[in-house]
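K.L.:
quick one, fold the following:
(one chain, ligands or ions: 1)
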Amino acid sequence: MRDVTGWVAVVTGAASGIGRGMARSFTGAGMKVVLADIEQAPLDATTAELADAGHEVLSVPTDVSSLEAVEALAASAVERFGKVNVLCNNAGVGTAGPVQQTSLEDWRWTLAIDLWGPIYGCKVFLPLIEEAGEGHVNSTASMAGLLAGGSLGAYNVAKHGVVALMASLARDLRIAKSPVTASVLCPGPINTNIVRSERNRPAESLAEHVDTPQGERFWQMLTDSLSHGMNPDEVGPMVLDAVRTDKFWVLTHPDMLSIVVDQVERIGRDQSLRVF
Ligand SMILES: NC(=O)c1ccc[n+]([C@@H]2O[C@H](COP(=O)([O-])OP(=O)(O)OC[C@H]3O[C@@H](n4cnc5c(N)ncnc54)[C@H](O)[C@@H]3O)[C@@H](O)[C@H]2O)c1
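P.N.:
This next block holds a predicted model:
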């Protein structure tokens, strides 16, 4: 098990939900944490909570869909703490609707944050983590990265991309005998603010969202389901464990894997797709 005391971690989407849980867990383990988020007030509140508890933290307002902003985040982290050991590409948003009616702007907004965010993060931070001599990159995908459920096409595409990105990265790092390891977090239902994703969406982008009855129904069902979901503070320790023990898959609801197995078995059996 790796000793992470004194390591520096950067967590995106750290102002709320799963990212805030990671920041709490990492500081509890003796790491210095850079909290990045697009939403200023909760970012300030989370940073103050951790600073008041005596932890070394830095808050950097960041839009992960901007390469320049991610570069500025890295520069701020190095300026303050001198190095970076851990990156968690966690910031994310969601929008619902059948693929046929999903607007191009819904695709762009979702992919810019959920997929390009982790791509920019890996590109910018990997050299820094390698320079630090040891470390880890985790990205938050979803069970939607392993299963393509209905009414969530753009999100499914982004999260399948994140799973592929991290699996590719983990292999490439291993082949290169890099001191950096990688993992992917695939949460099931977690009780967070993800169902209120549009709170951070620019008005001009939101104006191009296409409402559909199916999307509305799905979002209501998701809102109900997540309100009974796992406490996000339970997820941070799972990611911390992956950082320490070099585990690739971080699954909050491993019981959901049976659906993935069923889906894969259908490929060989009758090439059908289970609809759920
Ligand atoms: N909650 C779930 O059930 C669930 C399940 C699977 C995957 N996930 C994933 O977990 C991650 C965290 O989401 P959460 O559930 O904690 O939701 P959340 O809304 O509570 O937290 C997401 C955070 O990301 C921030 N964010 C949004 N856009 C951003 C941007 N452009 N740049 C920087 N920060 C931005 C938000 O301000 C927020 O603080 C996301 O990637 C999400 O897709 C969540």
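K.L.:
wait, residue 231 touches residue 189, no?
P.N.:
No - in this structure, residue 231 sits apart from residue 189 without contact. The criterion is CB atoms under 8 Å, and the distance is 11.2 Å. Placement of C-beta: from N, CA and C, glycine included.
K.L.:
and the closest residue to residue 211 other than its chain neighbours, what does it touch?
P.N.:
Leaving out its chain neighbours, the residue that sits closest to residue 211 by CB to CB, 6 or more residues apart in numbering is residue 97, at 7.7 Å. Taking CB atoms under 8 Å, 6 or more residues apart in numbering as the contact definition, residue 97 lies against 106, 151, 153, 210, 211, 212, 214, 215.
K.L.:
narrow these to those in helices?
P.N.:
When DSSP state H defines the helices, the subset of those inside them is 106, 153, 214, 215.
K.L.:
contacting residues around the second one?
P.N.:
Contact analysis of residue 153 by CB under 8 Å, 6+ apart lists 97, 98, 99, 102.
K.L.:
repeat that for the third one.
P.N.:
Residues in contact with residue 214, defined by CB under 8 Å, 6+ apart, are 96, 97, 98, 150, 151.
K.L.:
how near is it to the ligand?
P.N.:
The gap separating residue 214 from the ligand is 20 Å, by CB to the nearest ligand atom, to the nearest Å.
K.L.:
what do you get for the second one?
P.N.:
Distance, residue 153 to the ligand, using CB to the nearest ligand atom: 14 Å.
K.L.:
can you tell me the closest non-neighbouring residue to residue 2?
P.N.:
Closest residue to residue 2 apart from its sequence neighbours, by CB to CB, 6+ apart: residue 244 at 5.0 Å.
K.L.:
give me phi/psi at that neighbour?
P.N.:
As for residue 244, its main-chain torsions (degrees, to the nearest 10) stand at phi -80, psi -30.
K.L.:
that one reaches residue 5, doesn't it?
P.N.:
No - applying CB under 8 Å as the test, residue 244 and residue 5 come out as separate, 10.8 Å apart.
K.L.:
circling back: show me the beta-bridge partners of the residue nearest to residue 211.
P.N.:
Beta-bridge partners of residue 97, counted by DSSP bridges, are residue 152.
K.L.:
tell me where the stretch 151-276 of the chain has helices.
P.N.:
Under the criterion DSSP state H, counting those that start in this stretch, the stretch 151-276 of the chain carries helices at the ranges 153-175, 203-206, 213-227, 235-245, 257-269.
K.L.:
mind putting those in TSV, mean pLDDT included?
P.N.:
As requested, those are exported to TSV (pLDDT from 0 to 100):
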stretch	mean pLDDT
helix 153-175	98
helix 203-206	97
helix 213-227	97
helix 235-245	98
helix 257-269	96
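K.L.:
out of those helices, which gets nearest to residue 39?
P.N.:
When the helices of the stretch 151-276 of the chain are compared by CB to CB, helix 203-206 sits nearest residue 39, at 15.1 Å.
K.L.:
pull the residues that contact that closest one.
P.N.:
When contacts are taken as CB under 8 Å, 6+ apart, the neighbours of helix 203-206 outside the stretch itself are 105, 108, 109, 198.
K.L.:
A strand includes the third one, no?
P.N.:
No - secondary structure of residue 109 (DSSP: H, G, I helix; E, B strand; the rest coil): helix, not part of a strand.
K.L.:
neighbours around it, how many?
P.N.:
Other residues lying near residue 109 total 23 when counted by other CB atoms under 10 Å.
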